[in-house]
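>>> sharing a model that was predicted from the sequence below.
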Amino acid sequence: MNRHSALRACRPVLLLAVLVALLGLAGGCGGMSRPGGSGGAVTPSGPPNTIVIEKFAYQPVVLTVAPGTRVTVINQDPAAHTVTAKDKSFDTGSIAMGEQGEITAPRRSGSYPYYCRFHEYMSGTLIVK
Ligand SMILES: [Cu+2]
């Protein structure tokens, strides 16, 4: 009898502790992800003239370079990717996981959308000007 009542008394306290911990975690996360709201998803903090492929996405999604610039493409995914211009003006060919490739920006200024030949939903844009 005594044991049962002790257990019963314990449970709500445990639940409360778990709830408090969860709320604390959620609160901490929310505070960290929205500090000033100025960052945005695309931060131009990477090395210049470089496209990084991570989690099946290009970073930055839009890269602006001068005509004829050599652009390094770094694949950080566990899958092969390409950077292939829709108008075929550049193409890295297949870049294996952990490898890097290179494209040369077209001489003509303009906006060059590109995609991955293996995952056509992946898309980015190279702007030449
Ligand atoms: Cu891909």
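Structure received.

>>> domain map for this structure?
Here the domain assignment for the chain is 1-38, 50-128, based on automatic domain parsing.

>>> between these, which gets the lowest average pLDDT?
Here the domains of the chain differ in mean pLDDT, and the lowest is domain 1-38 at a mean of 47.

>>> and this protein, which of its residues are near the ion?
His81, Cys116, Phe118, His119 (C-beta under 5 Å from the ion). (Each C-beta comes from the backbone N, C-alpha and C, glycine too.)

>>> could you say which helix or strand contains Ile51?
Assessed by DSSP states H and E, Ile51 sits inside strand 50-53.

>>> helices or strands up against that strand?
Applying 3 or more C-beta pairs under 8 Å, 6 or more residues apart in numbering; DSSP states H and E, one finds that strand 50-53 contacts strand 58-59, strand 70-75.

>>> make it 7 Å
In this structure, strand 50-53 packs against strand 70-75, with contacts taken as 3 or more C-beta pairs under 7 Å, 6 or more residues apart in numbering; DSSP states H and E.

>>> for the strand it packs on, list the C-alpha coordinates in PDB.
Extracted C-alpha coordinates of strand 70-75, given in PDB (Å, rounded to 0.1, in the frame of the first residue of the first chain):
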ATOM      1  CA  ARG A  70      36.600  30.600 -62.400                       C
ATOM      2  CA  VAL A  71      34.100  29.300 -59.800                       C
ATOM      3  CA  THR A  72      35.000  26.400 -57.500                       C
ATOM      4  CA  VAL A  73      32.200  24.000 -56.700                       C
ATOM      5  CA  ILE A  74      32.700  22.000 -53.500                       C
ATOM      6  CA  ASN A  75      30.500  18.900 -52.900                       C
END
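
>>> what does it contact?
Residues outside strand 70-75 that contact it (C-beta atoms under 7 Å, 6 or more residues apart in numbering): 49-53, 63, 65, 81, 83, 92, 95, 97-105.

>>> contacting residues for Pro113?
Residues in contact with Pro113, defined by C-beta under 7 Å, 6+ apart, are Lys86, Ser123, Thr125.

>>> and the strands in this protein?
50-53, 58-59, 62-65, 70-75, 84-85, 100-104, 110-115, 123-128 (DSSP state E).
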